[in-house]
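K.L.:
just need the structure, nothing else, for what follows:
(4 chains)
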Protein chains: 2
Amino acid sequence: MFSFKRLFSFVSEMRTPIEYSEKQIAIINAAEKLFAEKGFDGASVRDIAQEADVNVAMISYYFGSKEKLMEAVFEERTVNIKLKVENLLQDKSITPIQKVNILIDDYVDKFIHQQQFHKIMMREQMINKHTPVAALIHELKKKNLESIRTLIQEGQKTGAFKKNIDIVLMMTTMVGTVSQMLTSQHFYRTLNNMEHMDDMEFQRHIRKKLSTHLKNLFKQMITNE
Amino acid sequence: MFSFKRLFSFVSEMRTPIEYSEKQIAIINAAEKLFAEKGFDGASVRDIAQEADVNVAMISYYFGSKEKLMEAVFEERTVNIKLKVENLLQDKSITPIQKVNILIDDYVDKFIHQQQFHKIMMREQMINKHTPVAALIHELKKKNLESIRTLIQEGQKTGAFKKNIDIVLMMTTMVGTVSQMLTSQHFYRTLNNMEHMDDMEFQRHIRKKLSTHLKNLFKQMITNE
DNA sequence: TAAAACTAAACAAACGTTTAATTAATTTAT
DNA sequence: ATAAATTAATTAAACGTTTGTTTAGTTTTA
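P.N.:
As a prediction, this is how the structure comes out:
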């Protein structure tokens, strides 16, 4: 009576994606969906197993525990979540303000395309416990912030940007606005009489709305008029 | 074997506060704290009872169920949560932009002073179910929005404000920025080397920060330069 | 034929809620 | 005013479910 349990670690530097089987992926997808909908405690392992069309025991078998399954969801979904600032920074053909705009679009896109996972992240940040998942989020945010800081400093050197920019506060507005839109999108939809739209169309709409809105806000925050 | 159970209803027009006993208030306070910390499913009735220093059975006895206790928390905390726009609107001695600024301060204050409850509200909005609590939030948001819409329209009539203002998007940025600050205040604190500050001082700091920041953003969004 | 994948059943612990009994407070009757 | 009667408040224990996890066995794969 032996059982094979997949081992993985939370190494953030040069993390390599883990190759999961079809069933394992089905479990991770189901977990992501239900954790996003009902929260970690609200979603039972039996719920998840049923959603993934898999025996309950498979969750412990493959992931060890419910907690570890959550970590696997994070591991899987954060592999390529980093903003594409690295390449952006070296590009001399585009202006700093254009780079910032690209970054905004990149962030909004990532958010829209990973709504479920971002809901989970928002919930986990609220809990404020010292879990591996919390550490991962913290690290992720810190890295994103550093990248943006470099980008802003570049703009400041050329004189295109203001001197005193509160980058954390600025990011708070970006992340907050997009999160709030995600959280209250049903409210936004009914209020603007957009129930007739199909989901894809509506997603495109708020994507464009957020992008334009944030670009305007950022322009005001970082440039000298 | 009879038991007295307090009845209350979710009438939003002219809601009258319910007079709770000391123990009932203790339960509501404990519930608010633990629901905010761990979420509805994460906080058990035994946790809550212990925090309130009360027998577990008292929760069912006074409130009927855990679900109803949550409703009682909402009932209790939303009684005087409406923004003070009504009186503000009639005041002719202050300009529309001043009114908007007062409103921002009012909102930030309410948020800062009711952080636990706002965490609960954020969580409940994410769930997106058709519960009494969700209906209450929806109604609350709608009313706040209508008040602000009136205020904005007043400014537009005098020519002080722009014509095309997306009020919902504007509110999304206000609520989102403040919520995000609440969610990630620990992150903000460590990043700005403010761990040495005591909590009260830090609260004052982010209150001022948010206030100034939002006023700048709003000015840009609603005025003609 | 050995290892891995998979299953139904069982596990103990925790869950929200109810019960049955007791104590405390309030009302009614004398 | 005091005793009796009634109602409310409070408790420990038990209720039946559901929880996450493990076991022991079976099927599948290599």
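K.L.:
in the helix or strand of chain A with the lowest mean pLDDT, what counts as buried?
P.N.:
Counting by mean pLDDT, DSSP states H and E, chain A has its least confident helix or strand at helix A:86-90, which shows a mean of 79. Buried residues in helix A:86-90, counting neighbours by 16 or more other Cβ atoms under 10 Å in any protein chain shown, are found at A:L88. (Each C-beta comes from the backbone N, C-alpha and C, glycine too.)
K.L.:
that one - contacts with which helices or strands?
P.N.:
Applying 3 or more Cβ pairs under 8 Å, 6 or more residues apart in numbering or on different chains; DSSP states H and E, one finds that helix A:86-90 contacts helix A:96-113, helix A:132-157.
K.L.:
quick one: residues contacting the spatially most central residue of chain A.
P.N.:
Centroid-nearest residue in chain A, with Cα atoms, centre = their mean: A:H118, separated by 4.6 Å. Shown in contact with A:H118 (Cβ atoms under 8 Å, 6 or more residues apart in numbering or on different chains): A:F111, A:S179, A:L182.
K.L.:
can you list these in CSV and add distance to A:R77, neighbour count and pLDDT?
P.N.:
Listed next are those as CSV, based on distance: Cβ to Cβ, whole Å; neighbours: other Cβ atoms under 10 Å in any protein chain shown; pLDDT from 0 to 100:
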residue, distance to A:R77, neighbour count, pLDDT
A:F111, 12, 19, 94
A:S179, 16, 25, 98
A:L182, 15, 21, 95
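K.L.:
can you redo those as JSON lines with distance to B:E201?
P.N.:
Shown next, in JSON lines, are the contacts of A:H118 (distance: Cβ to Cβ, whole Å):
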{"residue": "A:F111", "distance to B:E201": "33"}
{"residue": "A:S179", "distance to B:E201": "27"}
{"residue": "A:L182", "distance to B:E201": "32"}
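K.L.:
if we check chain B, which of these are in contact?
P.N.:
A:S179 (Cβ under 8 Å from any Cβ of the partner chain).
K.L.:
correct me, but A:H138 touches B:Y188?
P.N.:
No. Distance between A:H138 and B:Y188: 11.8 Å, which falls outside the contact criterion (Cβ atoms under 8 Å).
K.L.:
more neighbours: the two, which one.
P.N.:
Neighbour tally, A:H138 and B:Y188, criterion other Cβ atoms under 10 Å in any protein chain shown: the higher count belongs to B:Y188, 21 against 16.
K.L.:
identify the residues contacting the helix or strand harbouring that one?
P.N.:
Per DSSP states H and E: B:Y188 is located in helix B:185-191. Helix B:185-191 is touched from outside by A:128, A:138, A:141-142, A:145, A:168, A:172, B:181, B:194-195, B:197, B:202, B:206, with contacts defined as Cβ under 8 Å, 6+ apart.
K.L.:
ok, and what's touching stretch A:145-154?
P.N.:
A:83, A:85-86, A:88-89, A:96, A:99-100, A:103, A:161, A:165, A:167-168, A:171, A:222, B:191.
K.L.:
cutoff 10 Å now
P.N.:
Taking contacts as Cβ atoms under 10 Å, 6 or more residues apart in numbering or on different chains, the residues outside stretch A:145-154 that touch it are A:82-86, A:88-89, A:96, A:99-100, A:102-103, A:107, A:160-162, A:165, A:167-168, A:170-171, A:174, A:222, B:187, B:191.
K.L.:
over to stretch A:155-168?
P.N.:
A:95-97, A:99-100, A:141, A:145-146, A:148-149, A:151-154, A:172-173, A:218, A:221-225, B:181, B:184, B:187-188, B:191-192, B:209, B:212-213.
K.L.:
any idea how far B:D105 is from A:E37?
P.N.:
Note on A:E37: its distance to B:D105, by Cβ to Cβ, to the nearest Å, is 36 Å.
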